[in-house]
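S.K.: pasting the structure only:
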């Protein structure tokens, strides 16, 4: 557990935290020669309204998990090789916490080199596949009809991804 996680957990109103879902999601920006791309997962769901829609990777906190622990667990479930979870664990991305819709969301900002992205494989029980969308188009809401309701709410609450020039500096900038 990092000091950042402790600060975020303690800053939440305990009554609010008990009533609402706690969700840890990752805004994953893939750095390619042709710009920044947002990595999303095509949702596998029994609910026709959600099935095949694009969503950020991550999910609900279980029990007394901290947001970072939940994110790593979810990434291990959603990405079959374990390389994404390992990469995120090593880089300890920062995150923000906001209430959006009926949940408290912890959004982690992850910048991933294209070479790492090319090694990833979705877990077929969890996802119909990964998809990259141009981050500039996602910020401009061009693809919002293809997103899950929760992902739209998260993007509304947290705002657009970093500007293209900030994204291209990468995780070690």
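M.R.: Now that the structure is in, tell me what you want to look at. In this text, all values refer to a predicted model and were calculated from it rather than measured experimentally.
S.K.: from here on, contacts and neighbour counts on C-alpha atoms
M.R.: Noted.
S.K.: just the strands in the protein please.
M.R.: Secondary structure of the chain (DSSP state E): strands located at 21-32, 35-43, 54-55, 57-60, 95-100, 103-113, 127-134.
S.K.: Which of those has the highest mean neighbour count?
M.R.: Highest mean neighbour count among these (mean count of other Cα atoms under 10 Å): strand 54-55, with a mean of 27.
S.K.: helices and strands around that one, which ones?
M.R.: Strand 54-55 sits against strand 35-43, helix 149-158, with contacts defined as 3 or more Cα pairs under 8 Å, 6 or more residues apart in numbering; DSSP states H and E.
S.K.: could I get those as CSV with distance to residue 85 and mean pLDDT?
M.R.: Listed next are the helices and strands packed on strand 54-55 as CSV, based on distance: least, Cα to Cα, whole Å; pLDDT from 0 to 100:
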stretch, distance to residue 85, mean pLDDT
strand 35-43, 14, 94
helix 149-158, 20, 91
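S.K.: so can I have a markdown table of the ones you listed showing distance to residue 123?
M.R.: Shown next, in a markdown table, are the helices and strands packed on strand 54-55 (distance: least, Cα to Cα, whole Å):
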| stretch | distance to residue 123 |
| --- | --- |
| strand 35-43 | 10 |
| helix 149-158 | 20 |
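S.K.: which one's the longest helix in this structure?
M.R.: helix 67-78 (DSSP state H).
S.K.: Which strands and helices lie in contact with that one?
M.R.: Looks like helix 67-78 contacts strand 21-32, strand 57-60, helix 83-91 (3+ Cα pairs under 8 Å, 6+ apart).
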